[in-house]
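K.L.:
Could you work out the structure for the sequence below:
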Amino acid sequence: MPTVNDDLPSGLDAEEFSARVFGTAEPPSGGGLELAPFRGVRFAPEVVGDLATVTTPPYDLIDAAEVRRLLASGGYNIVRLILPPTPEQARDTLHEWLAQGALTTDPEPSLYVYEVADARKVVQRGLIGALALRAEADRVVLPHENVYPGPVRNRLALMTAVQADLEPIFLVYEGDGDTADIVDETADGTPLLSVRTDDGLEHRLWRVTEPHLHARIAADLRPRQALIADGHHRYAAYRTLQARHHAAGDGPGPWDHGLALLVDSTRYPPYLGAIHRVLPNLPPHVAVDRAARFFQVTPLRPDLDEAVARLADAPRPAYLLGGGDRPHLLTAPDPRRLSEAMSCGHSPRWRSLDTAVLDRLLIEEAWHVPEDERSVEVVHHDPAAALDRARRTGGTAVILNPLKVEDVLAVAGEGERVPRKSTSFGPKPRTGLVLRLLH
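P.N.:
Numbers count the residues shown, from 1 in each chain. Okay, here's the model as predicted:
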């Protein structure tokens with residue numbers, strides 16, 4: 001683990017850095033999966049007004065223009081805490097809002113049932129609490145992606161300044177047990193709050209305050225594993241802050257837990273979206289010509305919906321290349337070239353992931369494109385947006401099928417990481433519904 005004087009070492013690649021902050025070198029602690037009650041901090045609607053206008057998506061899903069607009073508008077929007085000009089300004093704003101009564105602290109330790117529903121059904125329901133932080137060696141809290149120093153430093157500086165967890169990370173586990181029953185039974189009651197956002201989703205929150213229910217939940221969760229679906233950089237910041245306190249001799253404390261939403265994927269399967277790529281410096285005709293040496297290439301009609309449907313039906317690995325006059329479907333990679341490109345120290349399941357084959361066989365071997373954020377851009381979910389971006393830059397869009405949840409769970413369970421920007425789990429919890437103070 002990092003020490004007080006060596007929190008976030010420089011000069012490490014993402015894999016080495018991730019191993020350092022997640023604590024793979026630590027011996028197992030013997031602790032199980034734990035979600036502890038805490039005294040939540042929540043906006044007071046009578047002071048701040050409509051909760052839909054002061055809460056937001058997670059910090060990394062808000063574009064720069066929207067951040068500038070929200071900061072300039074003043075008021076109580078949570079973006080003033082999660083994306084402030086400086087961490088110190090966030091600290092001062094948090095103290096001001098607490099003093100004004102815009103934020104209030106619940107009177108007793110609670111777990112919080114959180115639900116997201118659209119007009120037709122409940123799409124997610126889970127439990128927000130204080131997640132006990134575990135070293136990766138414990139095989140309790142499983143990361144599935146590597147992290148990078150910049151975002152971890154950013155979140156750590158903010159968390160240190162405000163002494164609070166401002167938004168929950170998102171984890172999934174396979175349960176269908178007592179915890180899931182308690183969550184569903186609680187959601188039959190009257191919620192603490194209900195917020196309808198511009199996307200048509202309704203977010204609702206309930207409190208679980210009874211100690212006997214806390215005890216049942218603890219017993220049910222203890223033997224289970226949870227996968228970090230979203231929030232790897234924040235979890236790494238949690239772990240680094242914990243290490244600081246332990247190295248300073250502070251002993252057990254609130255830094256041993258981090259705010260988290262835990263969802264039973266058996267009851268409420270998460271949505272797992274694809275993250276598409278745009279290679280702005282690779283002309284479409286060049287991409288197609290070079291890919292043809294490695295894959296079977298099929299030109300398709302310039303109908304995006306039809307092309308995406310063809311991709312979904314194709315045997316994996318398969319990809320759509322776009323940006324030119326028509327999309328091209330890549331299927332049936334050459335077995336010899338595939339074997340050579342994927343001959344690495346990873347499991348067979350990892351080597352079969354579409355994103356792993358894309359990185360090694362196409363981006364590296366066929367196209368000789370460096371794997372960096374300038375040469376390979378990412379576009380969440382929307383194939384049309386990826387194509388538009390490719391056409392604006394004269395580059396190539398690569399449209400992917402989403403990975404399967406069971407593959408991500410299996411890879412993480414073996415202690416591996418899926419390739420960078422492989423997954424986008426959802427729906428992600430709304431930021432600002434409940435916060436956790438660290439003092």
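
K.L.:
And the helices in the stretch 151-300 of the chain?
P.N.:
Counting by DSSP state H, counting those that start in this stretch, the stretch 151-300 of the chain has helices at residues 178-186, 211-221, 232-247, 284-291.

K.L.:
wait, which of these is closest to Asp60?
P.N.:
Closest approach to Asp60 among the helices of the stretch 151-300 of the chain (C-beta to C-beta): helix 232-247, 8.1 Å. The C-beta positions use only the backbone N, C-alpha and C, and glycine is treated the same way.

K.L.:
so what secondary structure elements neighbour the closest one?
P.N.:
With contacts defined as 3 or more C-beta pairs under 8 Å, 6 or more residues apart in numbering; DSSP states H and E, helix 232-247 has these neighbours: helix 14-22, helix 149-162, strand 169-173, strand 257-264.

K.L.:
Of all the ones you listed, which one is nearest Val140?
P.N.:
Closest approach to Val140 among the helices and strands packed on helix 232-247 (C-beta to C-beta): strand 169-173, 10.0 Å.

K.L.:
which ones are touching the nearest residue to Arg301 once chain neighbours are set aside?
P.N.:
Residue nearest to Arg301 in three dimensions, not counting chain neighbours: Arg326, with 6.7 Å by C-beta to C-beta, 6 or more residues apart in numbering. Arg326 sits next to Pro299, Leu300, Arg301, Pro302 when contact means C-beta atoms under 8 Å, 6 or more residues apart in numbering.

K.L.:
which one of those residues is nearest Trp97?
P.N.:
Relative to Trp97, the closest of the contacts of Arg326 is Pro302; by C-beta to C-beta it sits at 51.8 Å.

K.L.:
before we move on, back to that, what helix or strand is the residue nearest to Arg301 located in?
P.N.:
Under the criterion of DSSP states H and E, Arg326 resides outside all helices and strands.

K.L.:
any idea how far the residue nearest the centre of the chain lies from Ile169?
P.N.:
Residue closest to the average C-alpha location in the chain (C-alpha atoms, centre = their mean): Asp230, at 1.7 Å. Asp230 is 7 Å from Ile169, where distance means C-beta to C-beta, to the nearest Å.

K.L.:
returning to that earlier point: hey, what's the residue nearest to the centre of the chain bridged with?
P.N.:
Phe170 (DSSP bridges).

K.L.:
Tell me how far it lies from Phe170.
P.N.:
4 Å.

K.L.:
Show me the common contact partners of those two, please.
P.N.:
Phe425, Lys428.

K.L.:
Show the contacting residues for the residue nearest to Arg42 when sequence neighbours are not counted.
P.N.:
Distances taken as C-beta to C-beta, 6+ apart place Val434 nearest to Arg42, at 5.5 Å, with adjacent residues excluded. Listed by C-beta under 8 Å, 6+ apart, the contact partners of Val434 are Gly40, Val41, Arg42, Tyr112, Ile128, Pro168, Leu205, Leu259.

K.L.:
What is the nearest of the residues you listed to Leu400?
P.N.:
Within the contacts of Val434, the smallest distance to Leu400 is 27.6 Å, found for Pro168 (C-beta to C-beta).

K.L.:
Tell me how far that closest one lies from Gly253.
P.N.:
Pro168 is 19 Å from Gly253, where distance means C-beta to C-beta.

K.L.:
secondary structure element for Ser339?
P.N.:
helix 335-341.

K.L.:
List the contacts of whichever helix or strand comes after that helix.
P.N.:
Per DSSP H and E, the first helix or strand lying C-terminal to helix 335-341 is helix 348-351. With contact meaning C-beta under 8 Å, 6+ apart, helix 348-351 is reached by Met342, Cys344, Ala356, Val357, Asp407, Ala410, Val411, Glu414, Glu416, Val418.

K.L.:
So which of those residues sits lowest on pLDDT?
P.N.:
pLDDT is lowest at Cys344 among these; the value there is 79.

K.L.:
so what's that residue up against?
P.N.:
Going by C-beta under 8 Å, 6+ apart, Cys344 touches Arg351, Arg360.

K.L.:
What of the one 10 residues further on?
P.N.:
Going by C-beta under 8 Å, 6+ apart, Asp354 touches Arg316, Pro317, Ala318, Tyr319, Leu400, Asn401, Leu403.

K.L.:
And the pLDDT for it?
P.N.:
pLDDT, read off for Asp354, is 96.

K.L.:
The one 10 residues further on now?
P.N.:
In this prediction, Glu364 carries a pLDDT score of 94.

K.L.:
That one is in contact with Val376, isn't it?
P.N.:
No - contact between Glu364 and Val376 fails when scored by C-beta atoms under 8 Å: they sit 10.6 Å apart.

K.L.:
Please say which of the two ends up with more neighbours.
P.N.:
Val376 (23 against 14; other C-beta atoms under 10 Å).

K.L.:
Could I get the average pLDDT for stretch 114-123?
P.N.:
Here the average pLDDT along stretch 114-123 is 93.
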